[in-house]
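> Kindly return the folded structure for what I paste below:
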Amino acid sequence: MIRVAMLSFWHVHAKDYARLAVEHPGTEIVAVWDEVPERGRQKAEEYGIKFYEDLHELLAKPDIDGVIVDTPTNRHRDVIIAAAEAGKHIFTEKVIATTTKECKEILAAVEAAGVKLTVSLPRLYMGFTQAAQSFIQEGLLGTITTVRIRLAHNGALRTEKHPNGSLPSHFFNLEECGGGALMDLGCHPMYLTRLFLGLPESVSASFGYITEREVEDSAVAILRYPNGAIGIVEAGFVNSYSQFDIEVQGTKGSLMYTRTDDKLLIRSAKLEGEAAKGWQEVTDLPSLPSAFEQWVSHITCGTTASENIQIALDLTRLMEASTLSARSGAVCRLSDLAE
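Model prediction:
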């Protein structure tokens, strides 16, 4: 049994990861630390486990095998490095860090300690992503010209039920989060675009501030590739209805996915017979194990989440480039990022 400690309940998904740890037959939650002690004590009582006010006291416990890190993003570097140096395996919320330099410092500490790290990038492992990536790799779409992915919800909109928005107030704290809609929701379309197209040469981004928070509540990032391909990433906290849409255009075909009807459609000149005449729905969409399940497997089997970690590092690069571009109003080349 892998004994796990929750390191903070700051993130909105912390409760989901706690549930995964409770439900997984190979893990159990045994301790909690939180940078807000009152919240930590409350959660420890809720789960019937011990609360530690001192992080290093918790990390010194030899009977704790791993940690789930859900601290504010600006604390990731110090908390994850401390956990790695204490020999704890680490599952963490995206992004690993807001700068490439800090992300590489974290990954170096993880590698030096020999612990297992997995980052929560859930849409990588869903059936529609796996099918789309397979079609791209098989060449059914020809040369990819454009990828456009949008993810948005209404978390920043003030309503009668949620006068300050449905997201917790700290999700609008620039220091803690490092950003808003793009840094949070935008991670998903960003790492999917990275999966489908690879790393771009440069990024240009624009941020919107409709609700006048100190973080962006809507964002667009354009990724430019040496071969002329374009990636378009859109994210928003100010949309009345939740949206998640994928479009991939190529010289031989196109594919589309929308969460509205949960359908993946493909049209390709490379398909044969009746299938070549119009849009075809893809019904076989098997998913891979979740990131959390993979983390447990890496710990148990002694393997490494190499692709997950590489995409997580690239995600940080893309978020840093987008933030710098939005601040400066200029294109940011990835080669210019400090490492």
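> Domain ranges for the protein, per the record?
With domains defined by automatic domain parsing, the chain comprises 2-115, 123-287+318-336.
> Tell me which of the ones you listed approaches Ile299 most closely.
Evaluated over those, closeness to Ile299 peaks at domain 2-115, with 5.1 Å, by CB to CB. Every residue, glycine included, has its C-beta placed from N, CA and C.
> Compute the first-to-last residue distance for the closest one.
13 Å (CA to CA, to the nearest Å).
> tally of neighbours for the residue lying closest to Glu201 once chain neighbours are set aside?
Closest residue in space to Glu201, ignoring its immediate chain neighbours: Pro226 at 5.2 Å, by CB to CB, 6 or more residues apart in numbering. When neighbours are defined as other CB atoms under 10 Å, Pro226 has 9 of them.
> and Pro226, backbone torsions?
phi -60, psi -30 (degrees, to the nearest 10).
> Can you verify my assumption that it contacts Ser202?
No - with contacts counted by CB atoms under 8 Å, Pro226 stays clear of Ser202, the gap being 9.6 Å.
> Just checking: what are the partner strands of the worst-scoring helix or strand of the chain on mean pLDDT?
Scoring the helices and strands of the chain by mean pLDDT, DSSP states H and E places strand 280-282 at the bottom, with a mean of 94. Strand 280-282 has the following sheet partners, assigned by DSSP bridges: strand 263-268 (antiparallel).
> buried residues in the partner strand?
Going by neighbour count (16 or more other CB atoms under 10 Å), the buried part of strand 263-268 is Leu264, Ile266, Arg267, Ser268.
> In contact with the third one, which residues?
Going back to what we said before, that points to Arg267. Applying CB atoms under 8 Å, 6 or more residues apart in numbering to Arg267 gives the contacts Gly253, Ser254, Leu255, Gly278, Trp279, Gln280.
> one more time with 7 Å
Counting by CB atoms under 7 Å, 6 or more residues apart in numbering, Arg267 touches Gly253, Ser254, Gly278, Trp279, Gln280.
> Quick check: the residue nearest to Glu201 vs Ala312, distance?
Per CB to CB, to the nearest Å, Pro226 is found 23 Å from Ala312.
> likewise Ala14?
For Ala14, the distance to Ala312 - CB to CB - is 18 Å.
> Same question for Val220.
Taking CB to CB, one finds Val220 at 22 Å from Ala312.
> Which of the two has more residues huddled nearby?
Counted by other CB under 10 Å, Val220 and Ala312 do not tie: Ala312 has more neighbours, with 27 against 19.
> secondary structure class for that one?
helix (DSSP: H, G, I helix; E, B strand; the rest coil).
> Correct me if wrong: it contacts Leu121.
Yes - counting by CB atoms under 7 Å, Ala312 touches Leu121, with 6.5 Å between them.
> and for the two, which residues touch both?
Joint contacts of Ala312 and Leu121 (CB under 7 Å, 6+ apart) are Lys94.
> Return, as residue ranges, the portions of the stretch 1-150 of the chain with sub-threshold pLDDT.
Low-confidence segments of the stretch 1-150 of the chain (pLDDT under 70): none present.
> Quick one: the strands in it, in order.
2-7, 27-33, 50-52, 66-69, 89-93, 117-120, 144-152 (DSSP state E, counting those that start in this stretch).
> For this protein, list the residue farthest from the centre, please.
Gly273 (39.3 Å; CA atoms, centre = their mean).
> where's that residue relative to Gln280, distance?
11 Å.
> Can you check what angle separates the helix or strand following the least confident helix or strand of the chain from strand 89-93?
Moving toward the C-terminus from strand 280-282, the next helix or strand (DSSP states H and E) is helix 291-301. Angle of helix 291-301 versus strand 89-93, following axes from the mean of the first three to the mean of the last three CA atoms, to 10 degrees, is 170 degrees.
> start at 50 instead
Noted, 50 is the first residue going forward, which turns the last one into helix 340-350.
> How far away from the center of its chain is helix 340-350?
With CA atoms, centre = their mean, to the nearest Å as the basis, helix 340-350 stands 17 Å off its chain's centre.
> For that helix, give the mean pLDDT please.
On average, the pLDDT along helix 340-350 is 98.
> Tell me where the stretch 50-199 of the chain has helices.
63-72, 86-96, 104-108, 125-134, 149-162, 176-187 (DSSP state H, counting those that start in this stretch).
> In JSON lines, list those helices along with distance to Leu386.
Formatted as JSON lines, those follow (distance: least, CB to CB, whole Å):
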{"stretch": "helix 63-72", "distance to Leu386": "29"}
{"stretch": "helix 86-96", "distance to Leu386": "34"}
{"stretch": "helix 104-108", "distance to Leu386": "30"}
{"stretch": "helix 125-134", "distance to Leu386": "16"}
{"stretch": "helix 149-162", "distance to Leu386": "5"}
{"stretch": "helix 176-187", "distance to Leu386": "26"}
